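[1] sequence and predicted structure, then a few things I'm wondering about:
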Amino acid sequence: MIDHIHRAASDRWHEILSLPLLRDDHQGQPCPKCGGTDRFHVDRDYSKNGKVYCRSCLPKGSGDGIGTYAWFHGVENGEAITRLASELSIAGDSDSPKLDLIDAVCRDKRMPRDAFMRFGPTIEKRGKLDVVRIPVWDAKGNQHSFFDLWRGDKGKFKRGEGSQGLFLPGRLPKAGEQWLLVEGVKDASALIGLGYEHVCGLPTNSMNAGYAALFRGCDVCIVPDLDIAGQHGAQQTGGRLIGIATSVRIARLTGDVVDKSGQDVRDVLRQRGADAVRSAIDGASPWEPVESAQSKDERPEVLLILNEAIVADQVIKHLGNLGWITDSLPARIREQSKVYVRAGQLVHVVPSEDPSAGGRLGIHEIPPAIIRERITQACQLQTEGTAPQGNTVIKPVRPPKWLIDAIAYRGHYGGLIRSLIGIIQSTTLRADGTIIQKAGYDSASGLIYSPNAEYPPIAENPSKEDAYRSASEILDCIADFPLVGDSDRSAWLSLVLSMVARSCIDGCTPMFAIDANCRGAGKSMLIDVASIITYGYHAGRKTFTDDDTELRKLTTSVAMASSQCVLFDNVADITLGGSSIDAAITGTTWSDRKLGGNEIGSWPMLTVWAATGNNLSYGSDLGRRVLPIRLHTPEEKPEHRQDFKHPNLLNWVAENRSRLAVAAITILRAYFVAGCLKMDSTTWGSFESWTSVIRGAIVWTGLACPLTNRKSGAVLRR
């Protein structure tokens, strides 16, 4: 029998004995039986003969692999021979019992069989290999995956997906119970073998936050391995359970904490006995945050598998969370790392580097190189391989090109990444009339509110009198302008309201054209006053051209940059119009080839367009899209005028900007509180929502109708 065992086990003792901490360098190392640091040695022909020795508990020359088996498992040589014959399927003088794979695995892993059976193991096939399969539970309390064990291997999860989960002894935890958390099903079985009723095995050294809810109302004690990763993992797990479990404690097993491959529960049981383990659990300390644990990489892990669509979905989900739930990043970096989607393209928000811009934010598409960076910030990509000994090895990897391309050019992100419509600098209204007053991303509107001033609180239920008083405050800004009539003042007020509350208009806004009888009447300043009230800076100027190709490119750049307002300033000796500007004014999206390439893009078009000039005229179909505002001065040289109520108007407006912006919102909020009463049957094709909200609020307040100018014949066409 012994000769049969030697022949069958030759070159297999490494697999059969599966001694922990075993290295192949034949140098002194800690004894897996009695500990120490360098007292244990492995014979150079260990794989063939199974010989080992320890200066403390197993003298050199004490025997071969059979003796090693007997020493390690604490049995007599006769029992060792019987067990090895069974495991190697060797028949003796009498019929040998049929190999019990579960029993063999339990002996190999030093697990009590009865305790191990609580986890529901079955005998299955993994390829051609017979394995013991243990179910793995997901965060919803379902058995969604499995873990396979066999002799001589640490075990492997289901290939590909399913490497997250818990090993539970047949059922879910219940509130009021005491539960132990330990790494792996093997140590969990060992603790149940000591008499602990409720023990959960973790697949790694820490528990994913999504599983914490399963232990709601329980008293939890975490029993980590004696290595740095195990201690960090216990800290992370404890932090995720705080506020969910009734109490959280961490046990400190007897022994030194080492960098890696530290002793676990079964090692302590074998070397120091059951009392050492029980004492550690009884003396467990309440969890407290430890600063050193914060250095642990907390990025979620994504395993690269052949199903690329699933991998891309997982990474996109983590990209959508980047900067929102990652507390480890500094606040400034956290904000800049947030990823949004705009018109099917991944974008981020970047502050302007122009010192005069005052940190104004801009929307920029994220190029593939930066997407690569964001992926590494959002998650840790891993691949699964096999070590020379056959163990599964998980290795971190950099984002592959196929994954970067799949995310960059996906075009749709299934709601996993927040949609970004634009950026606003002053408080505004949503489409339902509610007020955006909290800085940051507003999920209802898709806007980022980045205030560049401090605004006083806005009344939730202002009255009609409040609205009229607010309108008077705003109109005081233009008291010195030679506007022709009350309808022109209302038309300018509608420009301010359109800028301030563009987000509550479900449709298009007209072009506001300020026309004057001569130079120096204040046309551009009228636009700047409205822009400073709304944005805090002068309106951005553009040069109008009658070359429609150039006008189309300009419009594309405006849409891509999410420009809030564009002013065609001092249009002279040219007719305003063209198919591109017509389409931009009466469309809420703009589609065109991206500048510098052939790829077609599509962007929200929420820009407020304005133009100034002397005796403006309109071509194409622009005339019906324009709301004129008329200036007429009797001064021969209006630029020399001195009798102003507000001599330095733009500075005065900037100083009073917060009050004036809140006044504009008050007008519209009061109108919504009143139910957006329809004043009459007036409508304007293509601008129905604008007519209902902006024009409706102005007329309801008691001011002149801004559309009167259109009926007066002021809009000309050549």
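    Perfect, I can see it now.

[2] pLDDT below threshold where in the stretch 501-650 of the chain?
    596-597, 640 (pLDDT under 70).

[3] where exactly do the strands run in it?
    Taking DSSP state E, counting those that start in this stretch to define them, one finds strands in the stretch 501-650 of the chain at 511-516, 540-542, 565-568, 589-593, 600-604, 608-614, 626-631.

[4] for the third one, which strands pair with it and how are they oriented?
    Meaning strand 565-568. As defined by DSSP bridges, the strand partners of strand 565-568 come to strand 540-542 (parallel), strand 608-614 (parallel).

[5] rebuild those strands as CSV, extending it with distance to I424 and mean neighbour count.
    C-betas here are computed from N, CA, C, even on glycine. What follows is these, written out as CSV (distance: least, C-beta to C-beta, whole Å; neighbours: other C-beta atoms under 10 Å):
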stretch, distance to I424, mean neighbour count
strand 540-542, 15, 16
strand 608-614, 12, 24
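
[6] and these as TSV, adding distance to S681?
    Putting the strands paired with strand 565-568 into TSV (distance: least, C-beta to C-beta, whole Å) gives the following:
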stretch	distance to S681
strand 540-542	36
strand 608-614	26
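
[7] closest one to G120 among the ones you listed?
    Relative to G120, the nearest member of the strands paired with strand 565-568 by C-beta to C-beta is strand 608-614, separated by 65.3 Å.

[8] list of residues touching the closest one?
    495, 498-499, 502, 509, 511-519, 523-524, 526-527, 539, 544, 564-572, 576, 581, 584-585 (C-beta atoms under 8 Å, 6 or more residues apart in numbering).

[9] what of stretch 360-372?
    Outside stretch 360-372, the residues that reach it (C-beta under 8 Å, 6+ apart) are 339-340, 342, 345-352, 354, 374, 398-399, 404-405, 407-408, 420, 422-423, 425, 448, 450, 452, 537, 560-562.

[10] just how off-centre is it within its chain?
    Here the centre of stretch 360-372 is set off from its chain's centre by 16 Å, with C-alpha atoms, centre = their mean, to the nearest Å.

[11] and that stretch, how far apart are its ends?
    Distance between the two ends of stretch 360-372: 26 Å, counting by C-alpha to C-alpha, to the nearest Å.

[12] for that stretch, buried residues please.
    In terms of neighbour count (16 or more other C-beta atoms under 10 Å), stretch 360-372 has its buried residues at 360-363, 366, 370-372.

[13] what is the rounded mean pLDDT of that stretch?
    If you average the pLDDT over stretch 360-372, you get 89.

[14] cool, and stretch 305-312?
    On average, the pLDDT along stretch 305-312 is 88.

[15] can you check stretch 193-213 too?
    The average pLDDT within stretch 193-213 is 90.

[16] report the buried residues of it.
    Buried residues in stretch 193-213, counted by 16+ other C-beta under 10 Å: 193-194, 196, 198-209, 211-212.

[17] re the thing from before, in CSV: the strands of the stretch 501-650 of the chain, plus distance to A80.
    Compiled in CSV, the strands of the stretch 501-650 of the chain are given as follows (distance: least, C-beta to C-beta, whole Å):
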stretch, distance to A80
strand 511-516, 94
strand 540-542, 86
strand 565-568, 87
strand 589-593, 78
strand 600-604, 73
strand 608-614, 87
strand 626-631, 97
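
[18] so which of these is nearest A664?
    When the strands of the stretch 501-650 of the chain are compared by C-beta to C-beta, strand 608-614 sits nearest A664, at 13.3 Å.

[19] got the CA positions of that closest one in CSV?
    Once non-C-alpha atoms are left out, strand 608-614 reads as follows in CSV (Å, rounded to 0.1, in the frame of the first residue of the first chain):
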residue,chain,number,x,y,z
VAL,A,608,-30.5,84.1,-26.9
TRP,A,609,-29.7,85.9,-30.1
ALA,A,610,-29.5,89.7,-30.4
ALA,A,611,-28.4,92.3,-33.0
THR,A,612,-27.8,96.0,-33.1
GLY,A,613,-27.7,98.4,-36.0
ASN,A,614,-29.0,101.6,-37.5
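
[20] coming back round to it: closest one to G320 among the strands paired with strand 565-568?
    With C-beta to C-beta as the measure, strand 608-614 is the member of the strands paired with strand 565-568 nearest G320 (30.5 Å).

[21] quick one, the closest one and strand 511-516 angle?
    20 degrees (axes from the mean of the first three to the mean of the last three C-alpha atoms, to 10 degrees).
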